[in-house]
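In: Provided below for reference: sequence and predicted model.
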Amino acid sequence: MRTHLPSVTAVARDLPRRSAWRSRWLECSALVLIAVVLITCFARPTRQPPMLAPLLAVPPALAGIGAATVRRPLVYGIVSLLAAIVVAQQPIEFAGWLPAATILTIVAITAVAMAGTAVNVRQQRRIAEVTSVAEAAQRAVLRPPPVRLGPLGFDVVYIAAAAEAKVGGDLYEVVRTAERGIRVIMGDVRGKGLGAVEVAADVLGMFRELAHDASTLGELATRLNAGLGRSLGRHEEFVTALLVEIDQESGRTSIFNCGHPPPLLIAAADDGTATGRVTLMEVPSPAPPLGLLNLGDCSDAQLSVALQPNDQLLLYTDGITEARDARRLFYPLAERVSALAPRAAGSQAVPGRRALKSVVSDASTRQGLLDLVKVDLLKHVGAPLDDDAALLLVRAPAAWPPAQVAAAPERSASVASTS
């Protein structure tokens, strides 16, 4: 499992780097202003007072905007003060109180800029600490799934939102049961903050227990809804969820959708390579989210499909599909997965022994599908995400037990294919 949760120390250490670029143009403006004032004051007639000298109080104020340390406004204050002293030493007639007033103003502005910067830095570090604690609480409820559970392989990528955004309530879990195969949940709590994290923890705790007892996914969803309803009075939030059950012997897969984005089925060719053919696994009529399940009809919220050898099932949250680029266009997940799947590590079948050396060398430089999707998503957005996003990839084995494969039905024809 790959997560992206910086420590409090790392976040605090990153503050100067994040804010440096914001003040670069201000620093350049300050230097240009000091140079202009000096040139103008020295080029003026002797009888003319240096009327532009008070502008030397502006650079320390500009340097204090976005500064990560008090040293920046202090340095610019000293430079401006030295420039004001040099101007005051020149022979000036009828200057009056202007040189002394300029020096006092520079000192006052520098002190105010330093004080404001110190307060701002403390507040940023405090916000970073609070955000890190909230993110740590969120990650604490998300146990990393095993790389392999039974015949299935799993991979997870969690992409944290921008530091300024509140933590979300994305959740996922994988449970192996004794009689009902492997069950998976992928969900997203409406809302953000610690309240959403608490709801996510409640849902995951209930799922880990109920996954072993509920006879069907519909019953599992009903019992999760009932348990969640007891806590909605505190948070008034609901949870979109996707429940998946995979038979470990036949690959028969059932999907129950409670208002969540449908998963993607990535088909594999006979030789084990990824074909790039992506199928959107949409149920006939999704059920309402957990917490609101009683308000709608759940009879057509389930879909069954035969997971073939080397197929992959991709579950995700709406932080992926609702990510926008600079033109406000949504990220086309199905289209991008179709293009990226053949390039992913593990999408190529292993050839004979003569080519084994080249395969090992190539695998060391290839990235997994979720890594490729993550890089492509961040490139599409061009900035940190506004919402947390989670991806969970389920990989079928190279072969199911022969006796069960013969009896496994073909894929359902009711799904929409995207290639």
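Out: It's in. Numbers count the residues shown, from 1 in each chain.
In: quick check: domain ranges of the protein?
Out: As assigned by automatic domain parsing, the chain contains the domains 8-131, 141-418.
In: now do the buried residues in stretch 276-289.
Out: 276, 278-279, 281-283, 286-289 (16 or more other C-beta atoms under 10 Å). Placement of C-beta: from N, CA and C, glycine included.
In: distance of Tyr331 from Ile320?
Out: For Tyr331, the distance to Ile320 equals 6 Å [C-beta to C-beta, to the nearest Å].
In: so between these two, which is more surrounded?
Out: Set Tyr331 next to Ile320 and count neighbours by other C-beta atoms under 10 Å: Ile320 wins out with 23 against 20.
In: and the more buried one, what element?
Out: Per DSSP states H and E, Ile320 falls inside helix 318-321.
In: what touches both of Tyr331 and Ile320?
Out: With contacts taken as C-beta atoms under 8 Å, 6 or more residues apart in numbering, Tyr331 and Ile320 have Leu377 as neighbours in common.
In: quick one, what contacts Glu237?
Out: By C-beta under 8 Å, 6+ apart, the residues touching Glu237 are 169, 189-191, 195-196, 199, 291.
In: tell me the pLDDT of it.
Out: pLDDT recorded at Glu237 is 74.
In: repeat that for the one 4 residues further on.
Out: As summarised for this prediction, Ala241 has a pLDDT of 97.
In: that one and Leu265, how far apart?
Out: In terms of C-beta to C-beta, Ala241 sits 19 Å off from Leu265.
In: neighbour count for these two, which is higher?
Out: Using other C-beta under 10 Å as the criterion, Ala241 and Leu265 rank with Ala241 on top: 28 against 23.
In: and the closest residue to that one other than its chain neighbours, what does it touch?
Out: Distance criterion C-beta to C-beta, 6 or more residues apart in numbering; nearest residue to Ala241, sequence neighbours excluded, is Gly187 at 3.8 Å. By C-beta under 8 Å, 6+ apart, the residues touching Gly187 are 169-172, 200, 203, 239-242, 260, 290, 317.
In: how about the nearest residue to Gln302, chain neighbours excluded?
Out: Gln302 sits nearest to Phe256 (C-beta to C-beta, 6+ apart), 4.9 Å away.
In: nope, Gly77 is what I was after
Out: Excluding its sequence neighbours, the residue lying closest to Gly77 (C-beta to C-beta, 6+ apart) is Thr110, at 2.9 Å.
In: does the one you found touch Arg72 like I think?
Out: No - using C-beta atoms under 8 Å, Thr110 is not in contact with Arg72, being 10.8 Å away.
In: quick check: buried residues in stretch 245-259?
Out: Under the neighbour-count criterion of 16+ other C-beta under 10 Å, stretch 245-259 has 245-248, 250-259 buried.
In: just give me the closest of those residues to Ala83.
Out: In terms of C-beta to C-beta, no member of the buried residues of stretch 245-259 lies closer to Ala83 than Gly259, at 64.2 Å.
In: in the sheet, who's paired with the closest one?
Out: Ala241 (DSSP bridges).
In: touching, it and Thr240? I think so.
Out: Yes - applying C-beta under 8 Å, one finds Gly259 in contact with Thr240, separated by 4.3 Å.
In: shared neighbours, these two?
Out: Pro289.
In: about what we covered before: tabulate the buried residues of stretch 245-259 in CSV, adding columns for distance to Thr177, pLDDT and secondary structure.
Out: Below are the buried residues of stretch 245-259 laid out as CSV (distance: C-beta to C-beta, whole Å; pLDDT from 0 to 100; DSSP: H, G, I helix; E, B strand; the rest coil):
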residue, distance to Thr177, pLDDT, secondary structure
Glu245, 9, 98, strand
Ile246, 11, 97, strand
Asp247, 11, 95, coil
Gln248, 10, 93, coil
Ser250, 15, 92, coil
Gly251, 16, 94, coil
Arg252, 14, 96, strand
Thr253, 14, 97, strand
Ser254, 13, 97, strand
Ile255, 17, 98, strand
Phe256, 15, 98, strand
Asn257, 20, 98, strand
Cys258, 20, 97, strand
Gly259, 24, 96, strand
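In: so which of the buried residues of stretch 276-289 sit within strands?
Out: Counting by DSSP state E, those place 276, 278-279 in strands.
In: put together a markdown table for these, with distance to Ala398 and pLDDT on each row.
Out: Formatted as a markdown table, those follow (distance: C-beta to C-beta, whole Å; pLDDT from 0 to 100):
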| residue | distance to Ala398 | pLDDT |
| --- | --- | --- |
| Gly276 | 19 | 76 |
| Val278 | 20 | 95 |
| Thr279 | 20 | 94 |
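In: tabulate those (JSON lines), appending distance to Gln312.
Out: Below are those laid out as JSON lines (distance: C-beta to C-beta, whole Å):
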{"residue": "Gly276", "distance to Gln312": "11"}
{"residue": "Val278", "distance to Gln312": "10"}
{"residue": "Thr279", "distance to Gln312": "11"}
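In: Leu98: which of those is nearest?
Out: For those, the residue nearest Leu98 by C-beta to C-beta is Val278; the value is 72.9 Å.
In: beta-bridge partners for the closest one, please?
Out: Counting by DSSP bridges, Val278 is bridged to Ile266, Thr418.
In: correct me if wrong: it contacts Ala341.
Out: Yes - using C-beta under 8 Å, Val278 is in contact with Ala341, at 7.3 Å.
In: any common contacting residues for the two?
Out: Common neighbours of Val278 and Ala341 (C-beta under 8 Å, 6+ apart) are Ile266.
In: check which helix or strand covers Val156.
Out: Per DSSP H and E: Val156 is located in strand 152-159.
In: mind listing what's buried along that strand?
Out: Using 16+ other C-beta under 10 Å as the test for burial, strand 152-159 gives 152-159.
In: now those residues as TSV including distance to Leu210 and pLDDT?
Out: Below are the buried residues of strand 152-159 laid out as TSV (distance: C-beta to C-beta, whole Å; pLDDT from 0 to 100):
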residue	distance to Leu210	pLDDT
Leu152	20	95
Gly153	25	95
Phe154	20	96
Asp155	25	95
Val156	22	94
Val157	26	92
Tyr158	24	88
Ile159	28	86
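In: which one of those is nearest to Ile65?
Out: Distance to Ile65 across the buried residues of strand 152-159 (C-beta to C-beta) is lowest for Ile159, with 30.6 Å.
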